[in-house]
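J.: Below: sequence and its predicted model.
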Amino acid sequence: VKSDEIEELREKVSKEPFSCVMEKIRKFAESVENTVPEKLIGKYIDSHEARFARERDIDEERQPMWKIMESLAFVGLVDKNEKYLRLACRYALSASCCENWCESFVGNLSGTTWHHRSFKEGITSAACAKVLSWAGNLLTWHGRNIIYNAIIVKGIPRLDADIKTMDYIWHMNQGIVFSAFYIISLIALEKKYPRYAVRIEEAKKNLNEIWNNYILPDGGASEGAGYWNYSAEYYLIAMYVL
């Protein structure tokens, strides 16, 4: 992240319509500032979603690790809050130390080929990449390597597999969103491992092809306005970071 871009961002979020959104992110960061991410390290990454969990195991008050680390890192960067930046790093490290980034045991059960697509792997990988960009200087080389390794082993292989093997996602929102997560992750890796650069160009080409497949001649999408907006948001994010 360039210093002049940070100053421009700070100026931008100090005024409406961005300041009210920034204030919501600040309040969320404040609400999690005393949490202990290391307690969440386990076999599967913390998600609190009911798709594969029993109702009694769902805690509606808790938020996913990716949202917490992103929010803390962003507020820490904008507000020069080192406490938040360090906590974001701890969340990224804790997520990286979780054994699996898939939704649940269903995603890696011996003998099954079924998978719920790379929603969890993608969003966690991209969140860790953002922490590396916004707060990585506070980590030791070993800490950074732990996060890099998790992205390389637990994040991008699943994203790459879905994009390469699932024809249907080349015509719907998943392909766009997964490609954005993939690009954000690859850009973070390229700084340390330049050979990943070739994948970035391929991912950009794939994203544009999926976008052209997705958008109908009249400018809409068969999935409706809500999904169109969601897809456009991630397409623009990917183009911006590129």
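T.: Arrived safely. Numbers count the residues shown, from 1 in each chain.

J.: Can you name the element that comes right after the lowest-mean-pLDDT helix or strand in the chain?
T.: Ranking every helix and strand in the chain by mean pLDDT, DSSP states H and E puts helix 3-13 at the bottom, with a mean of 92. Heading C-terminal from helix 3-13, the first helix or strand you meet, by DSSP states H and E, is helix 18-31.

J.: Mind listing what's buried along the helix ranked longest in the chain?
T.: Across the chain, the longest stretch assigned as helix under DSSP state H is helix 173-192. Neighbour-count burial for helix 173-192, counted by 16 or more other C-beta atoms under 10 Å, picks out 173-189. From N, CA and C alone the C-beta is placed, and that goes for glycine too.

J.: for stretch 233-240, same thing?
T.: Y234, Y235, I237, A238.

J.: can I assume the last one is in contact with I210?
T.: No - A238 lies out of contact with I210 (C-beta atoms under 8 Å); the separation is 10.6 Å.

J.: any shared contact partners between those two?
T.: Common contact partners of A238 and I210 (C-beta atoms under 8 Å, 6 or more residues apart in numbering): S179.

J.: ok, for M69, nearest residue in space, not its chain neighbours?
T.: Y91 (3.8 Å; C-beta to C-beta, 6 or more residues apart in numbering).

J.: hang on, isn't A29 packed against L85?
T.: No - distance between A29 and L85: 10.6 Å, which falls outside the contact criterion (C-beta under 8 Å).

J.: Could you tell me which residues touch both of the two?
T.: Common neighbours of A29 and L85 (C-beta under 8 Å, 6+ apart) are L72, G76.

J.: Got phi/psi on E223?
T.: phi -80, psi -10 (degrees, to the nearest 10).

J.: For K43, see how far away it is.
T.: 34 Å (C-beta to C-beta, to the nearest Å).

J.: out of these two, which sits in the more crowded spot?
T.: E223 (14 against 10; other C-beta atoms under 10 Å).

J.: Could I get the contacting residues of that one?
T.: Going by C-beta under 8 Å, 6+ apart, E223 touches M172, N173, S231.

J.: G42 now?
T.: C98, E99.

J.: so it sits in a strand?
T.: No - G42 is assigned coil when assessed by DSSP: H, G, I helix; E, B strand; the rest coil, not a strand.

J.: Do I have it right that D79 meets R26?
T.: Yes - with contact defined as C-beta under 8 Å, D79 reaches R26; the gap is 7.4 Å.

J.: Which one's more surrounded, these two?
T.: R26 (18 against 15).

J.: Next, give phi and psi for the nearest residue to that one once chain neighbours are set aside.
T.: Nearest non-adjacent residue to R26, counting by C-beta to C-beta, 6+ apart: V75, 5.4 Å away. V75 has phi and psi values of phi -60, psi -40 when expressed as degrees, to the nearest 10.

J.: ok now do V75, which residues does it touch?
T.: I25, R26, A29, N81, Y84.

J.: Farthest pair within those?
T.: Maximum pairwise distance among the contacts of V75 (C-beta to C-beta): 11.9 Å, between I25 and N81.

J.: who does the helix or strand encompassing I146 touch, helix- and strand-wise?
T.: I146 is located in helix 141-150, with elements delineated by DSSP H and E. Helix 141-150 is packed against helix 82-97, helix 119-135, helix 173-192, with contacts defined by 3 or more C-beta pairs under 8 Å, 6 or more residues apart in numbering; DSSP states H and E.

J.: Output these as JSON lines; include the columns mean pLDDT and distance to E201.
T.: Converted to JSON lines, those look like this (pLDDT from 0 to 100; distance: least, C-beta to C-beta, whole Å):
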{"stretch": "helix 82-97", "mean pLDDT": "98", "distance to E201": "26"}
{"stretch": "helix 119-135", "mean pLDDT": "96", "distance to E201": "18"}
{"stretch": "helix 173-192", "mean pLDDT": "96", "distance to E201": "10"}
